[in-house]
Each structure stands twice: as C-alpha cells, then as structure tokens.
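Asker: Predicted model and sequence follow; I will ask about them next.
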There are 2 protein chains.
Amino acid sequence: MDSRIKERLEAHLASSGLRRTRQREVIVEAAFATDDHFNAEDLLEKARKLDRTISRATIYRTLQLLVECGLLREVDFGRDQTYYDPNFLDKPQHNHLICLDCDRVVEFEDDNAALLHDCITRRLGFHPQMKSMRIEARCDELARTGFCPHKKEREAAGKN
Amino acid sequence: MDSRIKERLEAHLASSGLRRTRQREVIVEAAFATDDHFNAEDLLEKARKLDRTISRATIYRTLQLLVECGLLREVDFGRDQTYYDPNFLDKPQHNHLICLDCDRVVEFEDDNAALLHDCITRRLGFHPQMKSMRIEARCDELARTGFCPHKKEREAAGKN
DNA sequence: TCCTTTCTTGCCATCAGTCTCAATTAAGTT
DNA sequence: AACTTAATTGAGACTGATGGCAAGAAAGGA
C-alpha cells in the first residue's frame, strides 16, 4: 500500500481531532489492498475477513471519512450503489461525460478542460486541487432518433 | 404553464409507445404549476390535492419520465433528497462548482465553458443539446487550513 | 494507574427510492 | 360495444444508506 495513504489519513485525523481506532486501520487496510473499485458491501466483506466485528455503519462512516480527506473518490454514475475508486492519487484529471438517457459514462482527458478548470475554480475563490469535471449530454443518436442505442446494450449487459 | 411542456411530453409518449394517463396529467400539472424546485414528497403532496389516489411509486416513475424527456432536471448536490428544477427550458447553461468539503454549490456561466462543452461532446460522439457541467474543487480556505469555513455556516443554517 | 472527556462503535430504526406483482386501464382491432 | 394487448397503477416488500443512542474505547491529565 502506498505509504502516502496512511500519512494523509494520520494528518487528517490529527488536524480534525479524530482518533486512530482498530476499525479504521482494518478498513483502510481492506480498502487499499488492491486498486479495484468497490462498493460498501464489498468493503464490509473484505474488512470482516480481518476483523469479524466491523459493523456496516462503521464502514459507511469510514468511507465518508476517506472521501473527505481525499483518499477515495465516489464513482456512482448510473448504478444503484455508490462505488469507490482507491487509486487516483496520481491521476491529474477525472472527467466524465454522461449520457442522460443510458447513463453511459465516457472518461476523457483534455488540456483545455484542465486549463478551464483552473481558471474557473480560481475565479470563484476555490482551490483547484482536485481536477474533476462532469458533463451531461445526449448521444447523437438519441438527439436524432429519440432513442439511445446504448440503452438496450447496457440493459442486456445487466448494467442497470 | 408553458405550452411546450405538454407538447414535448406528448411527443415523448408517442415516440416511445407510452400512454396518456390521468395520473401523468395530474402529476405534470402539479410539477409545473410553479417555477419552484421540489422533491418527490413535495410533488406527491401537490399531486394528491388534485387526485388523492396518486401513489408514491407513480410519482417516482413519472419524475424519471420527465427527466428522460428533458422537462425536469435533477439538482441533488449535497442534500439527502433529490430535488427537481421545472424551470430550465430556456437556460443555456447549468454549471455548478461544488466544494468537496461543505457541499456549497456555486452556479456559474462562462463562454469558454460553453465552447469547451460543445467541443468535447462532439468529439466523443455526443450531441450537446443540454449544456451542463459540474466541477468539484476545494475552497481556498480548505486547502490552506484544512477546514472549510462554509461548513459550519451551512450546518448552522440547517442545510445538511 | 485511575479518571475524565469526548470520540467511536454496533445495533437498530428510519429514510429515500426502487422493485415486484396482481389488478386495472389505455388504445387499437374486430 | 366487446375483445385483445401491453402499458400502467397502487400496495407493500425490499435495498442502500443515514441517524439516534447507549455502551465502549482512545487520549490526555492527575
């Protein structure tokens, strides 16, 4: 596990007057053991392999904590559960274009997007530490025909 | 109520093989009677004043329908319920910058954002019919001090 | 070591939203 | 009008996630 993870967590706990607990250690261990995306239930299962007493509520609370201190990112586009990405410390951008009809998500990188992101966040008094942008649109096909061809594909694939 | 609303709904129903029902009429009537944002429970209450038999499930299903055909927009940033905006047919942009810590939402317009939006959506094979962009960032203060000053304000104001 | 404070946890109730299913109803056909 | 079909509805079970609360535990001081 990347050593920056525990460092950043420690720093956040210290600066917020929060405490190191066995449960938090175990959950972080489970969350960052691999680079895979996971949801709350996955994490509960993994964490309980290390400590069978971990409760569901603590999982949800710790997930919130890890999102707050910038170690996890929520990725929940078009699915019924919230998923988490434990592997984005070094990725400079996380831009998504989302089809409003079929929930298809297209990830993209774009230099102009990065520039614009900086520019707008600064102008509005924000700090552009975490580059992320989300655009909603409709498929060409959807606009022309009123029906998104990816919708059926995705439903067939059981994505919804 | 803007006559384009019923027109667009009719068109969507017809093109998708869906049916006109008393419940849908009533719910649309209730949703677009005013320009205010509302949530599912608000709408259920309003709709039941016109027809006491409307069920909660039908409200949720009709909300989905109205979002699909572009008559409603979901606005759920940083609140526990999903809210809906019935008044955006003519607004060219809906851009939001969101503080990752306190969930403060700043609406902005920006010509470059509009251009970039067009450019990216076209490049990825999408149709930029509905301009909307969502950027996540952190307050300057949060980045400097590790604490967002708006967080307490918002909590005091009961926004969360 | 014991004590105090305050954060944290597990349990369970609750909440918003979705799903299932049988009964109903719109819309087209005869 | 009667019939057929497929969409739609209401009721209630269910799901993912959150909130309240009393018991437990971390951190610091005496």
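Answerer: In hand now; what should we look at? Predicted model, so just to flag it, every value in this text is computed and none were measured.
Asker: contacting residues for A:L44?
Answerer: A:L44 makes contact with A:54, A:56, A:59, according to CB atoms under 8 Å, 6 or more residues apart in numbering or on different chains. C-betas here are computed from N, CA, C, even on glycine.
Asker: Tell me the pLDDT of the first one.
Answerer: It stands for A:I54. Predicted confidence (pLDDT) for A:I54: 96.
Asker: Sort out for me which of the contacts of A:L44 are in helices.
Answerer: By the criterion of DSSP state H, membership of the contacts of A:L44 in helices covers A:56, A:59.
Asker: Can you say which of the contacts of A:L44 are buried?
Answerer: A:54, A:59 (16 or more other CB atoms under 10 Å in any protein chain shown).
Asker: So which of the contacts of A:L44 reach DNA strand D?
Answerer: A:R56 (CB under 7 Å from any atom of the strand).
Asker: which one among the contacts of A:L44 gets closest to A:R134?
Answerer: When the contacts of A:L44 are ranked by distance to A:R134 (CB to CB), A:I59 comes first, at 25.6 Å.
Asker: Find the nearest non-adjacent residue to the closest one, please.
Answerer: Of all residues beyond its chain neighbours, the one nearest A:I59 is A:L44 (4.8 Å), with distances taken as CB to CB, 6 or more residues apart in numbering or on different chains.
Asker: The helix or strand that contains that neighbour: which residues count as buried?
Answerer: Under the criterion DSSP states H and E, the helix or strand holding A:L44 is helix A:40-50. For helix A:40-50, a neighbour-count test (16+ other CB under 10 Å) marks A:40, A:42-44, A:46-48 as buried.
Asker: quick one: the residue nearest to A:I59 and A:V75, what's the gap?
Answerer: Between A:L44 and A:V75 the distance is 18 Å, computed by CB to CB, to the nearest Å.
Asker: Can you pull out the low-pLDDT segments for chain A?
Answerer: Along chain A, the model assigns pLDDT under 70 to residues A:76-79, A:89-93, A:100-105, A:128-131, A:139-160.
Asker: Residue ranges of each domain in it, please.
Answerer: For chain A, the structural domains run A:3-85, A:94-156, going by automatic domain parsing.
Asker: tell me the most buried of those?
Answerer: Comparing the domains of chain A by mean neighbour count (mean count of other CB atoms under 10 Å in any protein chain shown), domain A:94-156 ranks first with a mean of 18.
Asker: where do the strands sit along chain A?
Answerer: A:38-39, A:73-75, A:83-85, A:94-99, A:105-108, A:126-127, A:132-139 (DSSP state E).
Asker: how far is the second one from where the chain is centred?
Answerer: Strand A:73-75 has its C-alpha centroid displaced from the chain centroid by 1 Å (CA atoms, centre = their mean, to the nearest Å).
Asker: Residues of chain A that sit close to DNA strand C?
Answerer: Proximity of chain A to DNA strand C (CB under 7 Å from any atom of the strand) is limited to residues A:13, A:17-19, A:21, A:23-24, A:53-58, A:61-62, A:80, A:160.
Asker: ranges for the helices of chain A?
Answerer: Counting by DSSP H, chain A has helices at residues A:3-16, A:22-31, A:40-50, A:56-68, A:111-123, A:140-145, A:149-156.
Asker: thinking again about what came up before, tabulate the strands of chain A in TSV, adding columns for distance to A:F32.
Answerer: As requested, these are exported to TSV (distance: least, CB to CB, whole Å):
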stretch	distance to A:F32
strand A:38-39	10
strand A:73-75	13
strand A:83-85	11
strand A:94-99	18
strand A:105-108	22
strand A:126-127	25
strand A:132-139	20
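Asker: closest one to A:L66 among those?
Answerer: Taking CB to CB as the criterion, strand A:83-85 is the member of these that comes nearest to A:L66, at 7.8 Å.
Asker: check whether the closest one contacts DNA strand D.
Answerer: No - between strand A:83-85 and DNA strand D, judged by CB under 7 Å from any atom of the strand, nothing touches; the nearest distance is 8.0 Å.
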